[in-house]
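Trainee: what's the 3D shape of this:
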Amino acid sequence: MQRKAYVPGVAALLAAVLAGCTGSSDDGGQSDNSNPGSAGTATQAAQPGKYATLPEPCGVVENATLDQLLPGIEEMTDEAQREKAYAGEATLTYDTDRKVGCRWKVESAEATDHLLVDFERVVSYDNAVSDDTQAEELFAEKREAAHLPEPAVTASESGTPSIGPSANPSSSPSSGSSATVSPSAAPSDLQPRLLEDLGEEAFLDDELNSSGSTAEQRTVTVAFRTSNVIVTVEYAEQPVTVGVVPDSKELQDRARKLASELADSLSG
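Mentor: Presented below is the predicted three-dimensional model:
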């Protein structure tokens, strides 16, 4: 009888011990004061971007730079007309804290030049995604939309000579031909491409368009990203004379110089 009375007591004691062990920190169980939504498990919010404002787009380009990009300004004899040309025209925007731009159009004796400068400040509304990361994703979409050709493979990399991206060997100038290169056989260093010396990432696009019997218009686009701001420079020229093709190198050099100045103004 004593044995039968003792066994239930032992069982009760073991049950109490086991109950006390359940949920202890040693076996990984949840303790009484644990909270799934406590601050210890909360994800830290992503950092905001470097830029909280944007520059005034129609005043960010120096007059000396506009003289180079828009030669027709210096041909103007009317002072009021010249000042209006320098001032440009702000692009339509519904949120100047997020996106601003300015455009210029000036005619000269030889061509009509167009210039567009656009600034976009990217803000992420996802606490897990930083402004910079969001801007990087948007810039990648912009770069992909430009359909840049694959970079040329050099002879040292492939073991064979290369002709540059999208170039046609049959249309390339021979050693005895004119130094002028046709648009279909532009040198590889003038092809649309990624740029390594501008902002955190950048690219250049170069497109030649013709419309019927009108002169061909060349449009050079330089876009770059600095932190959470994406800057786009679009520079186009259409000669007055049909058959005259705007020089690719000249337009690219002008557009890249302006883009570099804008990058410096943002970092200053």
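
Trainee: Going by contacts, tell me the helices and strands next to the helix or strand hosting residue 208.
Mentor: Per DSSP states H and E: residue 208 is located in strand 201-209. Applying 3 or more Cβ pairs under 8 Å, 6 or more residues apart in numbering; DSSP states H and E, we find strand 201-209 packed against helix 131-145, strand 193-195, strand 217-226, helix 248-267. Placement of C-beta: from N, CA and C, glycine included.

Trainee: Mean pLDDT, distance to residue 102 and mean neighbour count for these - can I get that in TSV?
Mentor: Listed next are those as TSV, based on pLDDT from 0 to 100; distance: least, Cβ to Cβ, whole Å; neighbours: other Cβ atoms under 10 Å:
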stretch	mean pLDDT	distance to residue 102	mean neighbour count
helix 131-145	96	19	16
strand 193-195	95	22	16
strand 217-226	97	16	22
helix 248-267	95	11	18
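
Trainee: mind listing what's buried in stretch 72-79?
Mentor: 72-73, 76 (16 or more other Cβ atoms under 10 Å).

Trainee: Now pLDDT, distance to residue 264 and secondary structure too, for these, in JSON lines please.
Mentor: JSON lines is the format used below for the buried residues of stretch 72-79 (pLDDT from 0 to 100; distance: Cβ to Cβ, whole Å; DSSP: H, G, I helix; E, B strand; the rest coil):
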{"residue": "72", "pLDDT": "96", "distance to residue 264": "26", "secondary structure": "helix"}
{"residue": "73", "pLDDT": "96", "distance to residue 264": "23", "secondary structure": "helix"}
{"residue": "76", "pLDDT": "95", "distance to residue 264": "28", "secondary structure": "coil"}
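
Trainee: give me the number of residues near the nearest residue to residue 87 once chain neighbours are set aside?
Mentor: Of all residues not flanking residue 87 in the chain, residue 58 sits nearest, at 6.2 Å (Cβ to Cβ, 6 or more residues apart in numbering). Residue 58 has 18 neighbours, counted by other Cβ atoms under 10 Å.
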